[in-house]
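Asks: sequence-free structure coming up:
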C-alpha cells in the first residue's frame, strides 16, 4: 500500500481528491484540513504528500522543508488555485515534486503525477530498508549526500547483500575501486580477501601468469611456483579494473575459469578451483567494446552481473564540500597536523570548476592546496589546477580544449616535480598504480623532470 497524506482545507476539494485516489486499491489516503494536524501524524511511513498552497495555519511553501525532514526526496505534490509560474518554480526549488493547478483536470493531473512519483516512492522504501539494515551489512565508506550519491549507496548496499558479479562503469577518477572496496567492507565480505589488479597495467606477455600463476620452468625466468590473483582471491573478491584492456587471447581463458570454476597455472596440468566473486570496472560500457570486436560477447554477459554506474563529479557538485573536508582530514592525519579549512572564496573556486578528472582531480587539488596554504585556512590563491594558479581573478585555468589524457599528463608531472620523482608517493596520492606510472614513463606519456 502507498500511504498518501492529503492536506487541503476546502472540504469539497479534499473529498473529491480522496474519492478519486481511493479508486486505486493500492492507495491508503488520509485527509487533513490543517498543517498542524498532518504534522502530528507525519512519519517516515508516509510515501507521498499532496499539499495545498494556502492553508488556515500556514502556507505550503513554508512547510515543504519540514515534510522533507521525515523522508529525504519525499514526493510532495503541490495543488494550488494559482497558475503562477514564479510560485511554481519557488516550490520546485524548495524540493517539491510537482506543482498542479486546481481545475477541471485535477484528477487526471494527480493520476499522472502519482504515476511519476511511484518510482521515487519505491526508491525511498528500498533505501529505508537498507539503511535500517546497514549495521548488519556494514557501513559505507562513500562520501556525499547528493541524490546521485544516495543512489550509488543504495546499489552498493544491495551488492553487499549478495554474491552476484558486479560491473562498475565510470569515468577516470570517479572512484570505481572505492566502490569495489566498499562492497568488500560489508560484513558478508570484510573477513575475506580483496585482491585488485589493473588489467591495463599488465604487459600482454605477463597477463596469463598474473591472473592464473605459473609453475617452475613454465617460461624463461619462472624460477619458482607463483600464485596468480585468481588463486590469491580465494573465496573473497577479485577486482579486475579496466577489464576492457584484457587481451583477446586471455579473455577465452578468463571465460573458462568463470564458467567451469577452475583454472590452471601456466605450465600446470592440475585444475585449481576458483570460488571468488568478481567485480570488474571500465571507463565505458563494455558493450561498446563488444560491438567493436575488442571484447568477447559471451564473456561480457558473464561479467555484466549487477551494473553500478558512477556519476562524474560535475553532476553532483553538492558533494564537493564533504569530499574536500574528507581529503583535508586524511592529509592532516598523514602529516600529523591539524586539518585545514576552506575559505568561502576557495570553496567558490572549487564549485566553479568542471572537474574533468573527477574525484581524483579534486583530491590532488585539495592536497596541493593544503601544502601551499600558509595559514590554517586555505585561500583562493592556494587552489591550483595542474599545479598552476591563474592570477587573473584567481579563477581556474581554462582547460576546455585539453583532452583528459593531456590533463592526466600535466597533473602527474606536476606531482612528480613536487615530490622529487618519488613514484611511490605520487602513486599513493593520485591512487594510480606504480606499474601504471612506470609504463607511462617508458612509453613517454609522461616525463620526469
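Replies: Arrived safely. Bear in mind that the values here come from a model prediction, so they are computed numbers and not experimental data.

Asks: pop the domain breakdown of this structure in here.
Replies: 2-129, 147-309, 313-442 (automatic domain parsing).

Asks: can I get the ones you listed in JSON lines with mean pLDDT and mean neighbour count?
Replies: For every residue, glycine as well, the C-beta is placed using N, CA and C. Shown next, in JSON lines, are the domains of the chain (pLDDT from 0 to 100; neighbours: other C-beta atoms under 10 Å):
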{"stretch": "domain 2-129", "mean pLDDT": "90", "mean neighbour count": "16"}
{"stretch": "domain 147-309", "mean pLDDT": "91", "mean neighbour count": "18"}
{"stretch": "domain 313-442", "mean pLDDT": "78", "mean neighbour count": "17"}
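
Asks: residue 141 is nearest to which of those domains?
Replies: For the domains of the chain, the distance to residue 141 is smallest for domain 147-309, at 5.0 Å, taking C-beta to C-beta.

Asks: thinking again about what came up before, out of the domains of the chain, which is closest to residue 449?
Replies: Taking C-beta to C-beta, domain 313-442 is the member of the domains of the chain nearest to residue 449, at 5.1 Å.

Asks: ok so, going back, just put the domains of the chain in CSV and tack on distance to residue 141.
Replies: CSV is the format used below for these (distance: least, C-beta to C-beta, whole Å):
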stretch, distance to residue 141
domain 2-129, 18
domain 147-309, 5
domain 313-442, 10
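
Asks: just how off-centre is whichever strand or helix holds residue 210 within its chain?
Replies: Applying DSSP states H and E as the criterion places residue 210 in helix 204-212. The chain centre lies 30 Å from the centre of helix 204-212; the measure is C-alpha atoms, centre = their mean, to the nearest Å.

Asks: name the helices or strands packed onto that helix?
Replies: helix 229-232, helix 248-260 (3 or more C-beta pairs under 8 Å, 6 or more residues apart in numbering; DSSP states H and E).

Asks: verify the stated contact: residue 419 with residue 426.
Replies: Yes: if you go by C-beta atoms under 8 Å, residue 419 and residue 426 touch, sitting 5.8 Å apart.

Asks: would you map the strands across the stretch 51-200 of the chain?
Replies: For the stretch 51-200 of the chain, applying DSSP state E, counting those that start in this stretch gives strands covering 54-55, 58-59, 76-80, 98-101, 166-169, 194-198.

Asks: a markdown table for those, including distance to residue 218?
Replies: Converted to a markdown table, those look like this (distance: least, C-beta to C-beta, whole Å):
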| stretch | distance to residue 218 |
| --- | --- |
| strand 54-55 | 79 |
| strand 58-59 | 77 |
| strand 76-80 | 65 |
| strand 98-101 | 65 |
| strand 166-169 | 31 |
| strand 194-198 | 19 |
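
Asks: of the ones you listed, which is nearest residue 255?
Replies: strand 166-169 (15.1 Å).

Asks: residues in contact with the closest one?
Replies: 159, 176, 179-180, 183, 278-286, 303-310 (C-beta atoms under 8 Å, 6 or more residues apart in numbering).

Asks: for stretch 310-330, same thing?
Replies: Residues outside stretch 310-330 that contact it (C-beta under 8 Å, 6+ apart): 143-149, 152, 168-171, 173-176, 179, 339-342, 347, 350-351, 354-355, 358-359, 361-363, 366-367, 370.
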